[in-house]
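**Student:** sequence isn't available, so here's the structure alone:
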């Protein structure tokens, strides 16, 4: 049971005590629950891979190829490519319903403090994706978080892709809907004012 708890503790947001509770639950819930979970995890490992085109989650097809639903959707605007740091970011943008283009998942951000330099980012794969003659990209929307690492990554991408003649845009940042101006930090308010649009 301790080995199961150790493995569960590797999950994001799961500490040692929570992992022990999960392991204990699996032992006491009955054999069927643990076996079903194990079977589904094995199925996940056998049939789910990163999309070979964008890095999103994809199910392997009969030929062993992994293309996600977004990349397979012919209604998507192939000329607009949204670059995100993580699959979770892609899913959040998809829930908004605002993005009609396609995606590219970096998998990480530029972070000198953590030893992640430009050479650790999939820049060559991104360049190849942008140059793809079947789906030429005209605009890259950089949707990295408004953090130090996110901004550094956005600047790197703007420099790299701008040199290729690609229009690079950045998601706006500002006051969240329903937010109170009193509680917004100075950077957020400043960006909200700088990114203002015509109204009325």
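**Tutor:** Received it, and whenever you're ready, just let me know what you need. Since this is a predicted model, take the numbers as computed values, not measurements.
**Student:** just the helices in the protein please.
**Tutor:** 2-8, 16-28, 31-47, 69-72, 87-96, 123-131, 148-162, 186-194 (DSSP state H).
**Student:** figure out which of the ones you listed is closest to residue 140.
**Tutor:** Closest approach to residue 140 among these (CB to CB): helix 148-162, 5.3 Å. Any C-beta I mention is one placed from the backbone N, CA and C, and that applies to glycine too.
**Student:** which outside residues touch that closest one?
**Tutor:** 83, 85, 106, 109-112, 118, 121, 123, 126-127, 130, 140, 142, 144, 168, 170 (CB atoms under 8 Å, 6 or more residues apart in numbering).
**Student:** now a PyMOL select for only the buried ones of the residues you listed.
**Tutor:** Filtering the contacts of helix 148-162 down to the buried ones (16 or more other CB atoms under 10 Å) takes a single PyMOL command:
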select buried, resi 83+85+106+109+110+111+121+126+130+140+142+144+168+170
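**Student:** among the contacts of helix 148-162, which are in strands?
**Tutor:** In strands, judged by DSSP state E, the following of the contacts of helix 148-162 are found: 83, 140, 142, 168, 170.
**Student:** out of the residues you listed, which one sits closest to residue 183?
**Tutor:** Nearest member of these to residue 183, counting by CB to CB, is residue 170, at 24.0 Å.
**Student:** in the lowest-mean-pLDDT helix or strand in the chain, what's buried?
**Tutor:** Lowest on mean pLDDT, DSSP states H and E among the helices and strands of the chain sits helix 186-194, with a mean of 79. Using 16+ other CB under 10 Å as the test for burial, helix 186-194 gives 188, 191-192.
**Student:** quick one: residue 184 from residue 89, how far?
**Tutor:** Separation of residue 184 from residue 89 (CB to CB, to the nearest Å) stands at 22 Å.
**Student:** more neighbours, the two?
**Tutor:** residue 89 (19 against 16; other CB atoms under 10 Å).
**Student:** picking that back up, now distance to residue 158 too, for the buried residues of helix 186-194, in TSV please.
**Tutor:** Shown next, in TSV, are the buried residues of helix 186-194 (distance: CB to CB, whole Å):
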residue	distance to residue 158
188	21
191	16
192	21
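**Student:** for the residues you listed, which one is nearest residue 97?
**Tutor:** The closest of these to residue 97 turns out to be residue 192 (CB to CB; 22.1 Å).
**Student:** so for the closest residue to that closest one other than its chain neighbours, what's the pLDDT?
**Tutor:** Nearest residue to residue 192, sequence neighbours excluded (CB to CB, 6 or more residues apart in numbering): residue 174, at 3.1 Å. As predicted, residue 174 sits at a pLDDT of 78.
**Student:** the one 3 residues further on too?
**Tutor:** The model reports residue 177 with a pLDDT of 74.
**Student:** skipping adjacent residues, who's closest to the most centrally placed residue in the chain in space?
**Tutor:** The residue lying closest to the centre of the chain (CA atoms, centre = their mean) is residue 86, at 2.2 Å. Once flanking residues are discounted, residue 86 sits nearest to residue 105: 6.7 Å by CB to CB, 6+ apart.
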